[in-house]
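Chemist: Task: produce atomic coordinates for the following.
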Amino acid sequence: MTTLQSQREERFRALFADAYGDVIRFAQRRIHPTHAEDVVAEAFLVAWRRLDDAPSSHGDLRAWLFGITRNCLMNARRGQDRRGALAVRLAEVATSQEQDGGPDPDLISRRIDLASAWRRLSVSEQEVLALTVFEDLTSPQAARVIGISSAAYRLRLMRARRELRRHLDHADSAFAFDPAIQESAS
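Modeler: Numbers count the residues shown, from 1 in each chain. Here you go, the predicted structure:
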């Protein structure tokens, strides 16, 4: 094995060791956990093939890998109802983290409101918020994942936050909670 191949392999091993946990969590938040490992394996295969194109800074490298994983996710789940599945998983995680003293009714109510508001967001609004909140990416890094400019990402993020706040503000009304009422109003 040449020195160049050895260096390339070592760089990939370091990338895998450093980013695997983040990437698997990234995938698990977007697809059923039983499929996440397959998607991540595919993403790392693509990363291996494209390693020479990888950025050198840690944050950019992480965003580059999230972008690859995002594309693999999109290929893996065409036709699925992503918004509904994500809202259900958010609710499951929230209720499983209750303290031993019993569930706080106000906390449960706020989580239900959040899950309901989340389902009302568009797929792109969910994605922009998730990259910032769940993946803790900076605007330039998240923009790289989506393939847009930092300014465009910040604008999308501002709009998504505003839309989420609007839905949360309306969560107190029966209209916001009851899908049957919404269908009859349409």
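Chemist: can we go C-alpha only for contacts and neighbour counts from here?
Modeler: OK.
Chemist: so what pLDDT did the residue sitting nearest the centre point of the chain get?
Modeler: Nearest to the mean C-alpha position of the chain, by Cα atoms, centre = their mean, lies residue 130 at 4.3 Å. Residue 130 is assigned a pLDDT of 89 by the prediction.
Chemist: for the host helix or strand of it, the distance to its chain's centre please.
Modeler: Under the criterion of DSSP states H and E, residue 130 resides in helix 123-133. Once both centres are worked out by Cα atoms, centre = their mean, to the nearest Å, helix 123-133 turns out to sit 6 Å from its chain's centre.
Chemist: Who are the packing partners of it?
Modeler: On a contact count with 3 or more Cα pairs under 8 Å, 6 or more residues apart in numbering; DSSP states H and E, helix 123-133 meets helix 82-96, helix 139-146, helix 150-169.
Chemist: Of these, which shows the lowest average pLDDT?
Modeler: helix 82-96 (a mean of 53).
Chemist: Counting neighbours, which bits of the next helix or strand after that one end up buried?
Modeler: Toward the C-terminus, helix 82-96 is succeeded by helix 105-120 as the next helix or strand (DSSP H and E). Neighbour-count burial for helix 105-120, counted by 16 or more other Cα atoms under 10 Å, picks out 111-120.
Chemist: now the angle between helix 123-133 and helix 105-120, please.
Modeler: 130 degrees (axes from the mean of the first three to the mean of the last three Cα atoms, to 10 degrees).
Chemist: got the angle for helix 105-120 vs helix 150-169?
Modeler: 130 degrees.
Chemist: could you say what helices and strands helix 105-120 packs with?
Modeler: Contacts defined by 3+ Cα pairs under 8 Å, 6+ apart place helix 105-120 against helix 82-96, helix 150-169.
Chemist: rewinding a little: in the helix holding residue 130, what's buried?
Modeler: 125-131.
Chemist: Distance of residue 63 relative to residue 144?
Modeler: Distance, residue 63 to residue 144, using Cα to Cα, to the nearest Å: 6 Å.
Chemist: what does residue 110 give?
Modeler: With distances taken as Cα to Cα, residue 110 is found 32 Å from residue 144.
Chemist: Ok, residue 109 next?
Modeler: 35 Å.
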